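> Predicted model and sequence below, questions to follow.
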Amino acid sequence: MKSTSHNASRRTALKTVAAGAAALAMPMIWTPSRAASKRIVVRDDGGIYSKAYGAVFYKPFTEATGIQVVGVQANAEPTAQIRSMVDTGNYTWDMAKISQPAILMLTEGGKVYLEKHGLESDPVVATIPKQYMSPYGVGNNVYTTVLAYRTDAFKGRRAPASWADFWNVKDFPGRRGLRKHPFDTIEEALMADGVPTDKVYPCDIDRALASLDKVKPSVDVWWNTGAQVEQMLGSGEVDMIATWVSRAQSAIANGAPVQIVWDQNIWGLRQLVHPEGHAQRRRLPRVHQVCVRPQAPGSAGRILCRRRHATRRLRLHQGRRGAQLPDAPRQHQDRSAHQRRLLAGQATRCARALQRLGPEVILF
């Protein structure tokens, strides 16, 4: 990857430190009296996710154990918060759902901020293909980032069909939104600059930043959460936006005139993790074992239109909803490079490159 003094200074300016088994197997017997004072706080994505996880994961867990599960929303990659919790010993969450690159950033380069889950031999967790697991995280869902646009904003004119079109302000005027974080945004910038999908990894960070410089003045909203995206698509605050597909699908389900561009979509993986050193967490049963039961993810998929990982679950996603999932074959004219990203872990190369910019990187 190229390196210049100009980009070194730009990077300095950009760097910012942002503040059960088969049937709920448990490590010990829990009675209502013991569980009454217990609760598990899980960082999830809010919005439609809180609805889906509450109905399909958290409620069954509470019914089986008597322990309340509380889902809380936070920034999409809360690595700074997790570091702060571990460093201070003041834990806001018991668990968090974060991406593979975020896990890498929290477990490499010195201090380890996540605890190993030790669930590899669990009979339910063992159904998850190995490429969706890590020693620190249990695979919870495959997601994809897409370009979405309001059809009413492009009535009578050509709509954007690629990241290059999104970057093309002259031919595709309109209000734009991009994620205020390097994950996915870096890849979008490279494809917009003409990098073929099978050449995106390892990421050329300098080229990506130069590409972002071209579109930055025309980006109206730099978003931090999926709930924010969903609201903007529904209200018409933006005409086109880079978004996780489930947020666009939720906006469509709520009546918004939104179209999804599947070409050049970017796959990713999220896993459930525990912050290192959280003593109370070790005394609680594992929510993982509910979140990966074959029946539960099928129900969540009907709400979220996202795929879960256990091989036995794939047949649970049928009909119209199954066709909308990120890994449905018809969605992938341009699929192969992104599938390799997930299966071969090539996204971690981008994360390693980004670590050179500092422990936390916020683009703008």
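Structure received.
> Which single strand of the chain contains the most residues?
In the chain, assigned by DSSP state E, the strand with the most residues is strand 258-275.
> That one: partners in the sheet, and parallel or antiparallel?
strand 95-99 (antiparallel), strand 114-115 (antiparallel), strand 138-150 (antiparallel) (DSSP bridges).
> Now render those strands as CSV, adding distance to residue 209 and mean neighbour count.
(Each C-beta comes from the backbone N, C-alpha and C, glycine too.) CSV is the format used below for those (distance: least, CB to CB, whole Å; neighbours: other CB atoms under 10 Å):
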stretch, distance to residue 209, mean neighbour count
strand 95-99, 21, 25
strand 114-115, 28, 20
strand 138-150, 19, 24
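> Pretty sure residue 258 sits against residue 147.
No. The pair residue 258 / residue 147 is not scored as a contact, 11.0 Å apart, by CB atoms under 8 Å.
> who does the helix or strand containing residue 250 touch, helix- and strand-wise?
Using DSSP states H and E, residue 250 falls within helix 245-253. Judged by 3 or more CB pairs under 8 Å, 6 or more residues apart in numbering; DSSP states H and E, helix 245-253 is in contact with helix 48-53, strand 138-150, helix 226-235, strand 258-275.
> what packs against the first one?
In terms of contacts (3+ CB pairs under 8 Å, 6+ apart), helix 48-53 is packed against strand 39-44, strand 68-73, helix 245-253, helix 295-304.
> again, only this time at 10 Å
Packing partners of helix 48-53 (3 or more CB pairs under 10 Å, 6 or more residues apart in numbering; DSSP states H and E): strand 39-44, strand 68-73, helix 226-235, helix 245-253, helix 295-304.
> Lowest average confidence across the ones you listed, which one?
Mean pLDDT is lowest for helix 295-304 out of the helices and strands packed on helix 48-53, coming in at a mean of 43.
> how close does residue 123 get to residue 117?
To residue 117, residue 123 is 15 Å away according to CB to CB, to the nearest Å.
> out of these two, which sits in the more crowded spot?
A count of neighbours by other CB atoms under 10 Å puts residue 117 above the other of residue 123 and residue 117, at 20 against 10.
> Could you find the closest non-adjacent residue to the more buried one?
residue 138 (5.9 Å; CB to CB, 6 or more residues apart in numbering).
> wait, doesn't that neighbour sit right on residue 127?
No. The pair residue 138 and residue 127 does not pass the contact test of CB atoms under 10 Å, sitting 11.3 Å apart.
> Counting neighbours, what do you get for residue 239?
22.
> Just the pLDDT for it.
For residue 239, the model assigns a pLDDT of 98.
> what's near enough to touch it?
149-154, 159-160, 172-177, 220, 232-233 (CB atoms under 10 Å, 6 or more residues apart in numbering).
> Okay, now the unreliable bits of the protein?
1-37, 75-76, 279-364 (pLDDT under 70).
> One more pass at 50, please.
The chain contains residues with pLDDT under 50 at 1-36, 295-323, 329-345, 359-360.
> For residue 265, see how far away residue 207 is.
In terms of CB to CB, residue 207 sits 21 Å off from residue 265.
> More neighbours: the two, which one.
Neighbours per residue, other CB under 10 Å: of residue 207 and residue 265, the larger number sits with residue 265, 23 against 17.
> That one is in contact with residue 142, isn't it?
No. Using CB under 10 Å, residue 265 is not in contact with residue 142; the gap is 11.3 Å.
> how about the helices in the stretch 51-200 of the chain?
For the stretch 51-200 of the chain, the helices defined by DSSP state H, counting those that start in this stretch occupy 59-65, 79-88, 100-107, 163-167, 182-192.
> do you know which of the ones you listed lies nearest residue 133?
helix 100-107 (10.3 Å; CB to CB).
> Put the alpha carbons of the closest one into CSV.
The C-alpha trace of helix 100-107 is given here as CSV (Å, rounded to 0.1, in the frame of the first residue of the first chain):
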residue,chain,number,x,y,z
GLN,A,100,-15.6,-9.5,12.5
PRO,A,101,-13.2,-6.5,11.8
ALA,A,102,-14.2,-5.0,15.1
ILE,A,103,-13.4,-8.2,16.9
LEU,A,104,-10.0,-8.2,15.2
MET,A,105,-9.3,-4.6,16.4
LEU,A,106,-10.2,-5.6,19.9
THR,A,107,-8.1,-8.8,20.1
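> List the contacts of residue 162.
Per CB under 10 Å, 6+ apart, neighbours of residue 162: 147, 168, 191, 192, 261, 263, 264, 334.
> What's the local residue count around the third one?
Right, residue 191. By other CB under 10 Å, neighbour count at residue 191 equals 24.
> can you pull the contacts of it?
162-164, 166-167, 197, 199-200, 208, 211, 263-264, 266, 334, 337.
> And those, which is closest to residue 60?
The closest of the contacts of residue 191, once distances to residue 60 are taken by CB to CB, is residue 266, at 31.7 Å.
> Against residue 179, how distant is the closest one?
Taking CB to CB, one finds residue 266 at 11 Å from residue 179.
> Could you name every residue contacting both of these two?
145, 185, 188, 242, 244.
> Please report how far the closest residue to residue 169 other than its chain neighbours lies from residue 146.
Leaving aside its chain neighbours, residue 169 sits nearest to residue 218 (4.6 Å; criterion: CB to CB, 6+ apart). To residue 146, residue 218 is 20 Å away according to CB to CB.
> Same question for residue 91.
34 Å.
> Likewise for residue 136?
Counting by CB to CB, the gap from residue 136 to residue 146 is 28 Å.
> swap in residue 51?
21 Å.
> Could you do residue 49 as well?
In terms of CB to CB, residue 49 sits 17 Å off from residue 146.
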